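**Student:** here's a sequence, model it:
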Amino acid sequence: MPLKREYRDRGEVQTAVLEALVDRGDEGMTVLELRGRVDADIDDIEAALSELKADGLIAVESGGERTLLKAADRVVTEREPESDPSLVDWLRERVGR
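**Tutor:** A predicted model of the protein is given here:
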């Protein structure tokens with residue numbers, strides 16, 4: 001599920017972190033996994049995580065041996081169920097209007 005538009009105006013590293021966490025969904029990611037997905041040094045990633053957590057945009061779950069980071073539900077765009085296009089929609093797409 002994609003990241004909501006209103007959360008894409010944050011800094012480059014924060015946006016990259018949020019997108020990676022949203023892509024992973026309910027599974028979450030460890031800091032090490034996140035570091036592999038975000039093209040930034042660890043200090044920038046840690047600063048982004050700190051700000052995102054302070055703003056309530058991510059959740060940190062500690063369970064057993066792993067600490068997982070997850071995107072807050074409010075940053076995830078709800079996808080509507082895909083349906084077959086109507087004949088009118090299909091024609092509009094074909095005609096280009």
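
**Student:** stretch 29-49: end-to-end distance?
**Tutor:** Stretch 29-49 has an end-to-end distance of 12 Å (Cα to Cα, to the nearest Å).

**Student:** what's that stretch in contact with?
**Tutor:** The contact list for stretch 29-49 (Cβ atoms under 8 Å, 6 or more residues apart in numbering) reads 11-14, 16-17, 20-21, 24, 58, 66-70. Placement of C-beta: from N, CA and C, glycine included.

**Student:** of these, keep whichever come out buried.
**Tutor:** 13-14, 16-17, 20-21, 24, 58, 68-70 (16 or more other Cβ atoms under 10 Å).

**Student:** mind listing the strands for the chain?
**Tutor:** Taking DSSP state E to define them, one finds strands in the chain at 58-63, 66-71.

**Student:** columns mean pLDDT and distance to V95 on top of those, output as a markdown table?
**Tutor:** Converted to a markdown table, the strands of the chain look like this (pLDDT from 0 to 100; distance: least, Cβ to Cβ, whole Å):
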| stretch | mean pLDDT | distance to V95 |
| --- | --- | --- |
| strand 58-63 | 90 | 44 |
| strand 66-71 | 92 | 39 |
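
**Student:** now tabulate those in TSV and tack on distance to R37.
**Tutor:** Shown next, in TSV, are the strands of the chain (distance: least, Cβ to Cβ, whole Å):
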stretch	distance to R37
strand 58-63	14
strand 66-71	11
